[in-house]
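Undergrad: Predicted model and sequence follow; I will ask about them next.
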Amino acid sequence: MRYFKPSEFACPCCGEGLDHMSQELLVHLDAARHMAGIPFVINSAYRCEKRNAKVGGVPGSAHTKGLAVDIAAQGSRQRFIIAQALMARGLTRIGVASSFVHVDVDKGKDQRVMWLYD
């Protein structure tokens, strides 16, 4: 990976991370970061079940399967740039919050969706 360090994908609870991450997601993420031209700061990537429960993640979260990341976003312009680059790479499961953009490649869930976090 050109733009990310393995430590950015580690679960803060157990330290596991990069080995659990989807290679498909990592390739797209690196390319999207290049296209966006702005840093992608990973807030959350792989989560063990304990960490997922602690942060209020849903059971079966794509994070627990290494299929998702949350990218920090400060303001509407950054959210737009991040989401635009992800979609340009063909990533179609995107969640938008005030402070981050979630993206995942969980093929077991509905595709071509964008949702908002309360």
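TA: All right, it came through fine.
Undergrad: Mind jotting down where the strands sit in the protein?
TA: Under the criterion DSSP state E, the chain contains strands at 42-44, 68-72, 93-96, 100-104, 113-116.
Undergrad: all helices of the protein, in order?
TA: 23-36, 49-54, 75-88 (DSSP state H).
Undergrad: closest to residue 115 out of the ones you listed?
TA: helix 75-88 (11.9 Å; C-beta to C-beta). Using the backbone N, CA and C atoms, a C-beta is placed for each residue, glycine as well.
Undergrad: Mind giving me the packing neighbours of that closest one?
TA: In terms of contacts (3 or more C-beta pairs under 8 Å, 6 or more residues apart in numbering; DSSP states H and E), helix 75-88 is packed against helix 23-36, strand 93-96, strand 100-104.
Undergrad: residue closest to the middle of this protein?
TA: In the chain, the centroid-proximal residue (C-alpha atoms, centre = their mean) is residue 69; its distance is 1.7 Å.
Undergrad: dump the residue contacts of the nearest residue to residue 12 once chain neighbours are set aside.
TA: The shortest distance from residue 12 to any non-neighbouring residue, by C-beta to C-beta, 6 or more residues apart in numbering, is to residue 51 (6.6 Å). Neighbouring residues of residue 51 by C-beta atoms under 8 Å, 6 or more residues apart in numbering: 11-14, 57.
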